[in-house]
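Visitor: next input, structure requested:
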Amino acid sequence: MISANDIEEKWISVLGEKNGKLALFWNSNMWKWLSKEDLYRTMKTWRTSAKDGTLKINLCNNKELEDIRNKTWFVLVVQLYDRESLQYENEHCTDLGAFHILDYTTSGTVYMFRNKENRDSIYTYVMKDVGEDSF
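Guide: Numbering: from 1, shown residues only. As a prediction, this is how the structure comes out:
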């Protein structure tokens with residue numbers, strides 16, 4: 001298992017790699033940036049999944065949080081949803097990156113944006129005409 005120190009060291013290292021990329025997230029024991037092109041492709045996939053009821057982005061999880069260096073981030077939480085059981089998949093799994101860097105506990109994947117408008121426009125695009133309670 002990865003330690004809190006490892007997560008923080010990787011965090012500090014990856015911050016210098018932004019180079020115009022828009023979103024940062026924790027996956028497979030590493031921080032990853034999403035470029036504009038990667039994010040557009042991902043948004044389309046999310047929208048399709050939201051429409052078929054297998055993915056949720058709940059507005060209440062859109063937060064403005066400070067990291068361990070007191071920098072502000074705007075988060076978007078993407079959660080996979082099982083329509084048959086009416087439960088979130090991996091409901092009891094915490095996003096370790098968000099937990100250690102933002103002191104934020106939630107299931108799902110936390111995507112971190114420096115710009116609130118980027119985060120909000122992605123939420124609007126993915127969840128347009130879907131509604132949080134529609135499935």
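
Visitor: helices along this protein, start to end?
Guide: 4-15, 36-51, 96-102, 116-127 (DSSP state H).

Visitor: would you convert those helices into a markdown table that also reports mean pLDDT and mean neighbour count?
Guide: Placement of C-beta: from N, CA and C, glycine included. Formatted as a markdown table, the helices of the chain follow (pLDDT from 0 to 100; neighbours: other C-beta atoms under 10 Å):
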| stretch | mean pLDDT | mean neighbour count |
| --- | --- | --- |
| helix 4-15 | 91 | 14 |
| helix 36-51 | 94 | 15 |
| helix 96-102 | 90 | 21 |
| helix 116-127 | 96 | 16 |
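
Visitor: ok, the strand ranked longest in the chain: who's next to it in the sheet?
Guide: For the chain, the strand that runs over the most residues, judged by DSSP state E, is strand 72-82. Applying DSSP bridges, strand 72-82 is found paired with strand 55-56 (antiparallel), strand 63-66 (antiparallel), strand 87-88 (antiparallel), strand 109-113 (antiparallel).

Visitor: compute the inter-axis angle for that strand and helix 116-127.
Guide: 10 degrees (axes from the mean of the first three to the mean of the last three C-alpha atoms, to 10 degrees).

Visitor: tell me which residues of strand 72-82 are tucked away?
Guide: For strand 72-82, the neighbour count (16 or more other C-beta atoms under 10 Å) marks 73-79, 81 as buried.

Visitor: which of those residues lies closest to D52?
Guide: Y81 (9.9 Å; C-beta to C-beta).

Visitor: any idea how far that closest one lies from I2?
Guide: 27 Å (C-beta to C-beta, to the nearest Å).

Visitor: can you list the strands paired with strand 72-82 in JSON lines and add mean pLDDT and distance to I101?
Guide: Converted to JSON lines, the strands paired with strand 72-82 look like this (pLDDT from 0 to 100; distance: least, C-beta to C-beta, whole Å):
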{"stretch": "strand 55-56", "mean pLDDT": "88", "distance to I101": "23"}
{"stretch": "strand 63-66", "mean pLDDT": "96", "distance to I101": "9"}
{"stretch": "strand 87-88", "mean pLDDT": "52", "distance to I101": "22"}
{"stretch": "strand 109-113", "mean pLDDT": "95", "distance to I101": "8"}
